[in-house]
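Undergrad: Below is the sequence, then the predicted model.
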Amino acid sequence: MIPMGGRQRAIVLGLILLLLGSGIPTVMGVSYAYSEASNVQLFLWPSGRLVAPNQTVTIAVVLWKPGEGGVANATVTIEVEDRLYNVTTNGDGFASLNLTFTEEGGYEVRALYGEVSTGTWIDVKAVPEYLFIEKDLELQVNRAYTVEWNLVTPYLFTPYSGTVNVTVLFNDRAVESRPINVTGGKLRLSLQFNETGTGSILFDGRTASYFEVRSRVILAKLMAPDRAYVGQNVTVHILALDAGRNTPYSGNVTVKTISFNGTEETVDRFTIEIENGYGNFTVTVPECDHLTVSVELGRGPSHTIWVERPAQAPTNGGNGNETPLIFTITPDRVLAEPGQSISFVVNTTREGTYNMTVTWYGWRFTSWDVWDGETNTTLVTFNGTKSVLKRIKVPEWAYYGEIRIGNAVARVYTLRPSVWADAWVNLTYSPEIGLETGDVIMVSGDLKNKTKDWFFEWEEFYRGLVNETVHIFTPWGVKAVKTGEDGRFSASIPVPSERLPDMVWDRHPEVLVIHRSGAYADRTVDTPRGRVFVNITSDGVRINVEPDSDWRYYPNLTTPTVVEFGQSFDWYYIGNVTSVYVNSTNATIPGNISAGVYMFKILPNHWLCLKEPHGTSCGAGSHSTERVYYVTGGLELPDSATYSGGELEVPIKLPGRGVFYYSYDSNGQRHYGVGFTDENGSGVARIEVGNLPLGGPEWLIIKFGFVSDRGSLFDINWNLIVRNEADVLPPAITADVTPEVQEVGKNVTVYIDVRDDGKLRQVNFTITNVTDIIRAESFNVSTSGFVHRFNFTVRGLEDYILNVTAVDEAGHVSTRLVNFYGKAVETRELNLTANETHELNVANQTRIVVAPAQNESVAMNITVASAVENESARVKMTAKGYEDLKYVKVETNGTVEYSWVILNLTYSDEMLRRLGISENAVTLLYWNGSEWIDLSKHVGETIPDNSPYGNITVFGFGRDPVHNYAWANVSHLSEYSLGVMLPDLRVVGISAENAVAGKETEVSVTLVNNGGAVDGEFTVSLYANDTLVKTERVSGIGAGEEKTVKFTWTPDKSGTYILRATADGDDAIVESNETNNELSAEVRVTPAPKVSKGTAVTRMNYIGYMYYHMLSKRFEELYNESLRKGVDNETLTAALEHRKLAEEYYEKAEEFGPVLQNLNNPQILAPLRRAYLEMLKAVRILEEALG
């Protein structure tokens, strides 16, 4: 048993009534940690997070290794109140520990395994004599309020009768303290305060309310964009209501802005005027990560603006008469495999150079945990063209990615295992026993491959994983079950039955479901709950309590219920609060209800629901024990609108003259607006409509509010269905070439189908190979659809691209690319003779020499294609960074006993020039049934193989650059590809030492080639604060080679600069990944020293400063050389000691501030000179050692 010290007692005071008054768990879900280093998941959770003293609570731990399963026989340490308990996991990685706590309080529980740890909380609280709903109040000075509570007994929820000691604390003093005799559960207080401040109301020492008293209760709302660019002028709108007088607020308010840049904060304050409930101001977005704007009025609304760096301006300048700058990316959504290289077509309406960002998010074993992405920025140059092809590689670890340029975004998804689970236990109520849980937890769910977001057209890929084992963990043990059809699973798990004092979530256990891959889902065990329906109008409130209708539970669960309501803002009550005890199916509270927003709360934790003309809202996602309802009073908002192009104007009507706001999500972006109404209350909301098909509806959930001279409302939900009658979408292109790989001399069928919501204007297509346009046609179209089908004769072993472009009458443009390939197929009847060689030549492209081990006759079918025929195998090749140039597949009518075979596959210089790569990158690859093997890397080795011939041995490999072929001597024939390891240029370093304003500075840019060798030239460019410094040309780089390119840069003034280096900015080299070619670094430029000609101290300090830094650089060079040449440790240690002394003396010189800014200070002369001399000694020691 664990007692609790006094320091824990205070923790629970602020938590316990939140637990009793809310249906939302204070700590939701199983606690979790993951170590990438050890690839271990650690899960921790208790059987309940809210328990009574001396009640047993079970702590559950699961240790899991993704890809393998539970970690058995491992010792996990559980830490509670400085006490350590060691538990050992079973074969499923599960362990548990039973604890009891003797004293009330909050207890932290932590689990530790190696470097992995996670924690959770357990709150220990005695079951009180009575339950009530806690309230947050906002009150006004010198105004009287009536606030009600209904007290009910735990377990049975009957009205409580007895004496309650009520204490009102205000501004740190007790202003009222008296016993109140409660009968029938109702407790009513009258509150009025003549000064501002804060306070609380206690019932027998338990917090029943927290309140704030203000001179005026002012409700305010901020409206501003969620995102903005550095330097952008952003208008912030403020709407304000004097709730005490129920009139628009007028007066001055203080605005505070905080810009956050890393760990630095910059605060600014200024005053603006609010008149008739409205005011605005403009903020110029500074260079920062995000900007917070708040109003110091009432509880002060705030708004965060996330700051983005702008896309670089067009290099060719611009004027107001130019075509608007619009980008598109095709395709805009891709389902890819990890490691795959994907080609995107980026189009623009204006030439220039722009920033494109690529952000990748890793898989964290769930579909919802997608955050903390890695972003690369790359330049896209449109020079003489408005269309650029970009190749982007999906990282092996990626789950989701976004490619953004200007207004355009493309999204990349991969499939990963995903677990969904639901868990429930029955709950019954009787007036004699109260609430009691069942003794069986029912768990169901499914295991599927899923993407982060769900798309109907990919439904066939969201396949259930059949016959897979999932482990279902409860605090009392584990049950393993197999998935069935469509990946579904279910189980019934015996658990202890329990009598509950209330329905708080934190009394329920959690269930953890996990798959071998590490994919998991955790769910709090649910129970039946009654449905409480509220209908509030200007005539009063009607409440209906209905049983849960869910088929999983025993029906007819209802309990006596407390319902409380009052006018509110931002989850605070701002007026009188009414409490009603409902002991039947319905209750009516008549009265004159004024227009406003009303918050309702209930006890116990059933679900508050809505009954609306469109149906009942009480399903998943609407579960809540507190929610707001509206009495609109003269507000007219249409529920539908028709869109016919441009900006959608939706007429609205307020009770009177005023200002209104609205915000909504559409097309993946947040939109907002502010408008005004005339004296009749008429106004217009201007809505930006997303990309809707003609006739298609869009359901917008709009957050709406207003301040008027005849009433006000904040943050109500306006549901608007928009039906589109305008052509806002680009043409939809379907293009197909069948078969994808066809024999030379035979036809493929090309099918083009273009559809548009309006009318098409033109459809163009081209068929090209590596160098030529083979066929091009253009069609003028005046209908909404276009279909064209024709045959095309494959003329050789070539790669072909069908490029279809369509333009509609609205000016929307779409592009579609389809690749297809040529192949040659030959069948040879061979009489093979042992110890003799047999040679075959296919289409003058492939030469095969066969040396059989025995005499036999065989029919050999040989396919030579310009690309790998199997799409899955082709994707796996690009995933390894290779580009296929040719494909060979040899099939025989029987198993041939080979001694050895030689393959010669030819390539063209033109192809290599197009790719910009070296012949040294050409190789032969072998498909072993599951992956590609680069034969050049395995000479003399035997490689596992899934073919009928067994493992393959590589006897030799070579290239003939004169006759342009690569060859390999192997043990048998099957599937091979002539491929090239594509380059992968990456900038890995930028250094600029001792940068001084006005002086030339050497900048070193280091790049590495993580792919195949490059023969051709490519560019490396350096930018300072997005201004081009210089572009250098680099002539080739080997595979794995690192090169450093030197630049000379003269910064014109001191300060912080962002240096950015870009490799292959003009895309001259075809790479496996074109999004990692840039790197940025922050460089500090110091002011130029002001040396007075007549000041000897200044001169000497400057000389000491320069020589110290020159010798420091020289020391680093000599030290690295000494390491390479094996200079003895004694010499190295001596040199390092002198350098350490030098650095210590230099630090003493810097005690007076930056050296360059204190050159005229004689106090730095001595330490600076000693620093220079000690560094000189260090350098000389190394020079002597190196000879």
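TA: Nice, I can see it.

Undergrad: For the rest of this, base every contact and every neighbour count on C-alpha atoms.
TA: Fine.

Undergrad: what sits up against whatever helix or strand Ala521 lives in?
TA: Element membership for Ala521, per DSSP states H and E: strand 520-524. With contact meaning CA atoms under 8 Å, 6 or more residues apart in numbering, strand 520-524 is reached by 28-30, 365-366, 418-423, 505, 508-514.

Undergrad: how about the CA coordinates for it, as PDB?
TA: The C-alpha trace of strand 520-524 is given here as PDB (Å, rounded to 0.1, in the frame of the first residue of the first chain):
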ATOM      1  CA  TYR A 520      -1.800  -0.500 -32.800                       C
ATOM      2  CA  ALA A 521      -5.100   1.000 -31.600                       C
ATOM      3  CA  ASP A 522      -6.000   1.800 -28.000                       C
ATOM      4  CA  ARG A 523      -9.600   2.400 -26.900                       C
ATOM      5  CA  THR A 524     -11.200   3.300 -23.600                       C
END
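
Undergrad: quick one on the thing from earlier: mark which of the contacts of strand 520-524 are part of helices, please.
TA: Among these, the subset assigned to helices under DSSP state H is empty.

Undergrad: Narrow the residues you listed to just the buried residues.
TA: Buried members of the contacts of strand 520-524, scored by 16 or more other CA atoms under 10 Å, are 29-30, 365-366, 418-423, 505, 508-514.

Undergrad: Show me these that map onto strands.
TA: Taking DSSP state E, the ones among those that sit in strands are 418-423, 510-514.

Undergrad: and the two most separated of those residues?
TA: Ser418 and Glu510 (18.5 Å; CA to CA).

Undergrad: Figure out how far stretch 953-973 is from the centre of its chain.
TA: 46 Å (CA atoms, centre = their mean, to the nearest Å).

Undergrad: what's the answer for stretch 904-911, then?
TA: On CA atoms, centre = their mean, the centre of stretch 904-911 falls 43 Å from the chain's centre.

Undergrad: Give me the buried positions along it.
TA: Buried-residue list, stretch 904-911, by 16+ other CA under 10 Å: 904-907.

Undergrad: returning to what we had before: describe which strands the strand holding Ala521 pairs with in its sheet and in which direction.
TA: When pairs are called by DSSP bridges, strand 520-524 turns out to pair with strand 510-515 (antiparallel).

Undergrad: For Lys889, give its distance to Pro431.
TA: 79 Å (CA to CA, to the nearest Å).

Undergrad: the more surrounded of the two?
TA: Between Lys889 and Pro431, counted using other CA atoms under 10 Å, Lys889 has the larger neighbour count: 18 against 12.

Undergrad: Name the residues linked to that one by a beta bridge.
TA: Under the criterion used (DSSP bridges), Lys889 bridges to Thr863, Glu975.

Undergrad: State which helix of this structure is the longest.
TA: Per DSSP H, the chain has its longest helix at helix 1096-1125.

Undergrad: quick one on the thing from earlier: between the buried residues of stretch 904-911, which is closest to Glu148?
TA: Tyr907 (87.4 Å).

Undergrad: can you tell me how far that closest one sits from His515?
TA: Counting by CA to CA - Tyr907 and His515 are separated by 47 Å.

Undergrad: Redo the ones in strands among the buried ones among the contacts of strand 520-524 as CSV? Include distance to Asn586 and pLDDT.
TA: Shown next, in CSV, are these (distance: CA to CA, whole Å; pLDDT from 0 to 100):
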residue, distance to Asn586, pLDDT
Ser418, 43, 94
Val419, 40, 95
Trp420, 37, 94
Ala421, 35, 94
Asp422, 31, 92
Ala423, 30, 92
Glu510, 33, 92
Val511, 35, 96
Leu512, 39, 97
Val513, 40, 97
Ile514, 43, 98
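
Undergrad: Phi and psi next, for Trp718.
TA: As for Trp718, its main-chain torsions (degrees, to the nearest 10) stand at phi -120, psi 120.

Undergrad: If we ignore the residues flanking it in sequence, what's nearest Ser600?
TA: If you look again at residue 600, you'll see it is Phe, not Ser. Excluding its sequence neighbours, the residue lying closest to Phe600 (CA to CA, 6 or more residues apart in numbering) is Phe565, at 4.4 Å.

Undergrad: what's the next secondary structure element after the helix or strand harbouring that neighbour?
TA: Assigned by DSSP H and E, Phe565 belongs to strand 561-569. Sequence-wise, the next helix or strand downstream of strand 561-569 (DSSP H and E) is strand 572-573.

Undergrad: other SSEs contacting that following strand?
TA: strand 135-140 (3 or more CA pairs under 8 Å, 6 or more residues apart in numbering; DSSP states H and E).

Undergrad: List the buried residues of the helix or strand just after the strand it packs on.
TA: Next helix or strand after strand 135-140 toward the C-terminus (DSSP H and E): strand 145-150. Residues of strand 145-150 classed as buried by neighbour count (16+ other CA under 10 Å): 145, 147-150.
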